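[1] dropping a prediction and its sequence here:
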Amino acid sequence: MTTDARVGVKALPDVVPAEARHLQGRRAGLVSRLVANLYDLGVVLLVLVATYVGWCAILLLWHRRRFTFPTPSFAQAFLVGCLIQILYFTITWATSGRTYGDRFMGLRVVGPLGRVRAGVAFVRAVFCCLVPIGLLWAGVSRQNRSVQDLVLRTSVLYEWLDHPVEPTVPLEIGSDHDALGMRVDVAAAVADEPHDGHPEPLAGLDREG
């Protein structure tokens, strides 16, 4: 990696796509977030199927002669699916800030002070599970923030690095540089939507490329 005199940190490693480096550290648009959520839905469905298969295997071993495939109701399957999704989101957001879908799209969920705390991650996971339509607000918000983001003061950023490069100076609340030292509207990420006077360059839908 080389040094970038403009930002005062090491240049972005090759893992960041060259055509998307100008997006690094900025809030993600609706399209990227929708794709990531569809990817995560597939992960949750796979876990749900694996859970059903494991349940069948246990029943087969326990009642080998009287075994029949269980037929859970839609409500039961939906409840288990919601519990899996909430647990999945909570663990991934509270640890790395990114689900498998986020990794696929190069996204990371952050709080006003950086990493999302476990309690906030849990509440956000419940919110996203029960009110998924809240994500659509990111398509009209000037700050590309969903309803969940506005309530919990979180943001979804473009972040391809598993371990972001440390800035040469400490990041302070209200500063205009991200964790890579690149100039971004961090104050907008902390401020409430109605009081933010700095529109994000990626307002509404993604404008990648």
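    That came in fine, so what should we check first? As the structure is a computational prediction, the values presented were derived from the model and not from experiment. Residues are numbered from 1 along each chain as shown.

[2] what about residue 100, neighbour count?
    14 (other C-beta atoms under 10 Å). Placement of C-beta: from N, CA and C, glycine included.

[3] tell me the contacts of it?
    Residue 100 sits next to 39-40, 43, 92 when contact means C-beta atoms under 8 Å, 6 or more residues apart in numbering.

[4] redo that, cut-off 6 Å
    residue 43 (C-beta atoms under 6 Å, 6 or more residues apart in numbering).

[5] tell me which stretches of the protein form strands.
    Counting by DSSP state E, the chain has these strands, from start to end: 3-4, 9-10, 107-110, 155-158.

[6] and residue 113, how far from residue 37?
    Counting by C-beta to C-beta, to the nearest Å, the separation of residue 113 from residue 37 is 25 Å.

[7] residue 84: how many residues sit nearby?
    Look at residue 84: counted by other C-beta under 10 Å, it has 19 neighbours.

[8] that one is in contact with residue 47, isn't it?
    Yes. Judged on C-beta atoms under 6 Å, residue 84 makes contact with residue 47 at a distance of 5.2 Å.

[9] overlap in contacts, those two.
    Common neighbours of residue 84 and residue 47 (C-beta under 6 Å, 6+ apart) do not exist.

[10] now the helices for the chain?
    30-62, 74-95, 100-105, 118-130, 147-152, 186-190 (DSSP state H).

[11] out of those helices, which gets the lowest mean score?
    Least confident of those, judged by mean pLDDT, is helix 186-190 with a mean of 39.

[12] picking up where we left off before, where among the strands of the chain is average confidence lowest?
    Among the strands of the chain, strand 3-4 scores lowest, with a mean of 38.

[13] just to revisit the earlier point, using CSV, please lay out the helices of the chain together with distance to residue 158.
    CSV is the format used below for the helices of the chain (distance: least, C-beta to C-beta, whole Å):
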stretch, distance to residue 158
helix 30-62, 8
helix 74-95, 16
helix 100-105, 8
helix 118-130, 19
helix 147-152, 15
helix 186-190, 13
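
[14] can you say which of these is nearest to residue 139?
    helix 30-62 (4.0 Å; C-beta to C-beta).

[15] and the closest one, what does it pack onto?
    Contacts defined by 3 or more C-beta pairs under 6 Å, 6 or more residues apart in numbering; DSSP states H and E place helix 30-62 against helix 74-95, helix 100-105.
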